[in-house]
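*Asks:* here are the coordinates; sequence isn't available:
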């Protein structure tokens, strides 16, 4: 059973803050150092908290190395709205998780 189902639903403003925080590490040295030292607390201060049961692993790209992270595979059907936004609740329990 995946721990990801325990994540809170992510609304657009929170996701935007998360992306902005990641981008900020590329140009704000003090913020980057703080983020590297403690990503969980740094993100929590910005309103994006992860449960303690989720391990955060920080990888830093280099000039000749780029990390590609794939999401956990989810074979449930994906619902798409008229704007092609994915509506699938990725963190909802699956039927087999309810057992």
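*Replies:* Received the coordinates, thanks. Worth saying up front: this structure is predicted, and the values here are computed from it rather than measured. Residues are numbered from 1 along each chain as shown.
*Asks:* going forward, measure contacts and count neighbours with C-alpha atoms only.
*Replies:* Will do.
*Asks:* can you name the next helix or strand after the lowest-mean-pLDDT helix or strand in the chain?
*Replies:* Least confident element among the helices and strands of the chain, by mean pLDDT, DSSP states H and E: helix 12-24 (a mean of 81). Proceeding N to C from helix 12-24, the next assigned helix or strand is helix 29-37, under DSSP states H and E.
*Asks:* now the helix or strand just after that following helix: buried residues?
*Replies:* Note on helix 29-37: by DSSP H and E, the next helix or strand toward the C-terminus is helix 39-45. The neighbour-count check on helix 39-45 (16 or more other Cα atoms under 10 Å) flags 39, 40, 42, 43 as buried.
*Asks:* for residue 69, see how far away the first one is.
*Replies:* This points to residue 39. Relative to residue 69, residue 39 is positioned 17 Å away (Cα to Cα, to the nearest Å).
*Asks:* so what's residue 58 up against?
*Replies:* 36, 39 (Cα atoms under 8 Å, 6 or more residues apart in numbering).
*Asks:* look up how far residue 75 lies from it.
*Replies:* From residue 58 to residue 75 the distance is 27 Å (Cα to Cα).
*Asks:* what is the neighbour count of residue 36?
*Replies:* 15 (other Cα atoms under 10 Å).
*Asks:* so for it, what's the pLDDT?
*Replies:* At residue 36, the predicted lDDT confidence score is 97.
*Asks:* for the chain, give me the ranges with low pLDDT.
*Replies:* Where the chain drops to pLDDT under 70, the residues are 1-13, 77-99.
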